[in-house]
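In: I need the structure of the sequence given here:
(chains A and B)
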Amino acid sequence: MALLEIRDLSVRFGRFQAVSGVDMTVEAGEIVGVVGESGSGKSVTSLAVMGLIDAPGKVTAKSMAFDGRDLLALSAKARRRLLGRDIAMIFQEPMTSLNPSYTVGFQIEEVLAIHGLKDRRKRRERAVELLEMVGIPDAGRRLSSFPHQLSGGMNQRVMIAMSVALDPRLLIADEPTTALDVTIQAQILRLLVDLQRQKGMGLVFITHDLGVLAEIADRVIVMYAGEVVEMATTADLFARPAHPYTAALLNALPDRAVVEAKVTGWRGRLPAIPGVVPGPFDRPAGCLLQPRCAFADERCVAVHPDLLPGGNGAVRCHRPLMPDGQPGPDRMEVPA
Amino acid sequence: MLRFLASRLIVLVPTLLGVILLAFFLVRQLHGDAVEVRAGERGITEEQLAERRHALGLDRPLHEQFLSYLGDVVQGDLGKSYVTQRPVLDEFAELFPATIELSVVAMIFAIVIGLPAGILAALTRGSFLDHGVMGAALTGYSMPIFWWAILLIVLFSNTLGLTPVSGRLDILYYIEPTTGFMLIDTLLSDEAGAFWSALHHLILPSIVLGTIPLAVIARMTRSAMLEVLGEDYIRTARAKGLSPRRVIWVHALRNALIPVVTVIGLQTGTLLAGAVLTETIFSWPGVGKWLIDAIGRRDFPAVQGGILLIAMTIIAVNLVVDLLYGLINPRIRLQK
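Out: Below is the predicted model:
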């Protein structure tokens, strides 16, 4: 049984379909990367798993099960009991994600207290232990610091300490390194991966940086305009992208472009994907990527493709790319 | 902390000098003086008037009068009332508790109703309740004090006969002033029912005086609360599995209170200004009514001294608010 199993998750805000038909599976001890541009629905998906989508947002799914329990069938109270204990989340902006009016000690101990650790001394000991674990020097004294007295990197360590305080089985990290300096990014990334290995947590790592996922993720889910467009193991995805969007994202990675330039002697601009992600109310009728896709044909304009097994996992494209990088035959015409 | 206090005390000097200057010259812009007002229609000769003016020093050049007044004030002497011949400070001290009592009860009324109303409006944003609360607040804020007072007197005192029209205590009781605060004095006395009578007399004036601060506090609380509820750390708190009640009362309110406390401090000025009108309407024997009477009698030392003392009170309250501000906002407190 998968740790987290989502089938056909949709989130609407009024008339705006922020996320539609997302499938996602996370096994225990696995790192799943979720990648996509801003507005692709990565964060909304994770907030829906947490149950933090407020009215007027509406969450529907065929199933959304954590460890076999249907999250959507749970009462609000039962669901809150999972949060912070079994499922934890860390966010993008460490400087604003901690409450400025309370010490970091208070905020770490709070999560221990509400999930049942009543003994004050034990809470304090555990908080010190956690801060030491995430590499904060002088942990005992740091407990009485306020977030504004710490750097962004330190605050993100505090956030991580808080999220792993009760050894959750699933950790969702929503762009945890985006707001940090590059050197700090590497440290935080290392810390997260180490903790994940130690504790055998399932980790959902949301980012817009494919390069980061290449280093840490077991599997990658590529999202575009609220939909999953491709799912594959990291190695396969990087070696043989099947969706034109994934391929374009990979081409836009500076590291890969540099390598290619060295090999082929190619000189020019870094390839970019033309156009922008369609907004809430100007989504095309057929494939959502079609206006920006180099390979789009009439069927892409007319018919919205489904996410079907293909490539190295699943791909939402009428003509998935072949290993040579060119579109294959239309999947309607070739029976599988 | 000490440096903060010292810097505030230094700013105090020019502020108070300005207040003295304004009060001194403005009150002399009124037609007539104390001698003329007292003489009335009683056919007193010009010589007698001149003699009395000379006795009060009113015949000296204005700048000379001012400098000698300033000299006295610096030495802590606010002069004697032209009318009662008693030191201004004594008269003020005698009446001030009545004003404080009214203001404090009015402010408690404003906070006790305004804060929850603002929170409720924020939590039900856009609802009927929200619009109702904000509409009522706007109406209360726009209502002229004297008009509001008359409406309440007509309804509750005249028509329904529920509340007394004026004064601090029923004439059945005589209470020897100990603290000057009627609520405390009546509790200390053996007179049964006196406390309830005092409380009864406070109801209408407090509502009238507290209405504007209430409206301001409610609106400020609502907007501060809405702003805070959208902050990242609120999402973090919810992701920890905290109950909505704890998120609101522990994580949101503490931060939302910061601007509200500032507004409460600023409202003490409005409150004391409003006390002048409210006391006059309800024959409340406080410094407001005393000040109005003094203006009518052209009792210059009383007016000048009263204004100066009220200004000092407002400054003192705002100083306390600033200190309080540091207490709830660690970002201020810990600035070195």
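In: what pairs with whichever residue of the stretch 201-336 of chain A sits closest to chain B across the strands?
Out: Residue of the stretch 201-336 of chain A nearest chain B, by C-beta to the nearest C-beta: A:V204 (13.3 Å). For glycine as for every other residue, the C-beta is placed from the backbone atoms N, C-alpha and C. Counting by DSSP bridges, A:V204 forms beta bridges with A:V32, A:I172.
In: and it, what does it touch?
Out: A:4, A:24, A:26, A:32, A:34, A:46, A:170-173 (C-beta atoms under 8 Å, 6 or more residues apart in numbering or on different chains).
In: how about the residues of chain B that lie near chain A?
Out: Within chain B, the positions near chain A by C-beta under 8 Å from any C-beta of the partner chain are B:231-233, B:235-243, B:246, B:251, B:254-255, B:328-331, B:334.
In: So among those residues, which ones count as buried?
Out: Listed as buried from the residues of chain B next to chain A are B:231-233, B:235-242, B:246, B:251, B:254-255, B:329-330; burial here means 16 or more other C-beta atoms under 10 Å in any protein chain shown.
In: Which residue is the nearest non-sequential neighbour of A:G39?
Out: In space, and not counting its chain neighbours, A:G39 is closest to A:V277: 5.2 Å by C-beta to C-beta, 6 or more residues apart in numbering or on different chains.
In: What's the local residue count around the one you found?
Out: Residues lying near A:V277 (other C-beta atoms under 10 Å in any protein chain shown) number 18.
In: Helix, strand, or coil at it?
Out: coil (DSSP: H, G, I helix; E, B strand; the rest coil).
In: among the residues of chain B next to chain A, which are in helices?
Out: Among these, the residues falling in helices (DSSP state H) are B:232-233, B:235-239, B:246, B:254-255, B:328, B:330-331.
In: Taking the residues you listed together, which two end up most distant?
Out: Within these, two members stand farthest from each other by C-beta to C-beta: B:A239 and B:I328, at 24.4 Å.
In: Is it possible to get TSV of the contacts of A:V204 that adds pLDDT, neighbour count and distance to B:G76?
Out: Putting these into TSV (pLDDT from 0 to 100; neighbours: other C-beta atoms under 10 Å in any protein chain shown; distance: C-beta to C-beta, whole Å) gives the following:
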residue	pLDDT	neighbour count	distance to B:G76
A:L4	92	23	75
A:M24	91	22	77
A:V26	93	25	76
A:V32	94	23	76
A:V34	94	30	73
A:S46	91	20	67
A:L170	94	20	71
A:L171	94	23	67
A:I172	94	28	67
A:A173	93	27	66
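In: Please enumerate the strands of chain A.
Out: Taking DSSP state E as the criterion, chain A carries its strands at A:4-13, A:16-26, A:31-35, A:57-60, A:63-66, A:69-70, A:87-90, A:170-174, A:202-207, A:219-224, A:227-233, A:308-310, A:313-315.
In: Could you tell me the least trusted of those strands?
Out: Lowest mean pLDDT within the strands of chain A: strand A:308-310, at a mean of 83.
In: Pull the contacting residues for B:V228.
Out: B:234, B:252, B:255-256.
In: Report the buried members of those.
Out: For the contacts of B:V228, buried by 16+ other C-beta under 10 Å: B:234, B:252, B:255-256.
In: Now B:R53: closest residue in space, sequence neighbours ignored.
Out: B:D59 is the one closest to B:R53 (C-beta to C-beta, 6+ apart), at 4.8 Å.
In: The one you found reaches B:R52, doesn't it?
Out: No. With contact defined as C-beta atoms under 8 Å, B:D59 does not reach B:R52; the gap is 9.7 Å.
In: Tell me the bridge partners for A:P309.
Out: Going by DSSP bridges, A:P309 forms beta bridges with A:A314.
In: Next one: it from B:L202, what distance?
Out: 78 Å (C-beta to C-beta, to the nearest Å).
In: Tell me the residues on chain A that lie near chain B, please.
Out: Counting by C-beta under 8 Å from any C-beta, chain A sits next to chain B at A:50, A:52, A:77, A:80-85, A:88-89, A:91, A:93, A:96-102, A:110-111, A:114-115, A:146, A:148-149, A:159, A:162.
In: How confident is the prediction for residue 336, by pLDDT?
Out: Just so you know, I chose chain A. pLDDT, A:A336: 45.
In: meant chain B, my bad for not saying
Out: On the pLDDT scale, B:K336 gets 43.
In: related to what we said a few turns ago, could you list which residues are in contact with the residue nearest to A:G39?
Out: Contacts of A:V277 by C-beta under 8 Å, 6+ apart are A:37-40, A:224-225.
In: quick one, helices of the stretch 101-250 of chain A?
Out: Remark: helices assigned in the stretch 101-250 of chain A by DSSP state H, counting those that start in this stretch are A:104-114, A:120-133, A:139-142, A:152-163, A:182-199, A:210-216, A:234-239, A:244-251.
In: and what of the stretch 151-300 of chain B?
Out: B:182-188, B:194-229, B:232-239, B:244-246, B:253-281, B:287-296, B:300-328.
In: what about burial for the contacts of A:V277, which qualify?
Out: A:37, A:39-40, A:224-225.
In: For B:S166, state which of the residues you listed is nearest.
Out: Relative to B:S166, the closest of the buried ones among the contacts of A:V277 is A:G39; by C-beta to C-beta it sits at 64.9 Å.
In: tell me the pLDDT at the closest one?
Out: Model confidence at A:G39, given as pLDDT, is 80.
In: how much space between it and chain B?
Out: Separation of A:G39 from chain B (C-beta to the nearest C-beta, to the nearest Å): 18 Å.
In: gap between that residue and A:G279?
Out: For A:G39 relative to A:G279 (C-beta to C-beta), the value is 8 Å.
In: Output the below-cut-off pLDDT ranges for the chain.
Out: Using chain A. Where chain A drops to pLDDT under 70, the residues are A:266-267, A:311, A:333-336.
In: that's the wrong chain, I meant chain B
Out: Using pLDDT under 70, the flagged stretches of chain B are B:1, B:41, B:333-336.
In: Okay then, goodbye and thanks.
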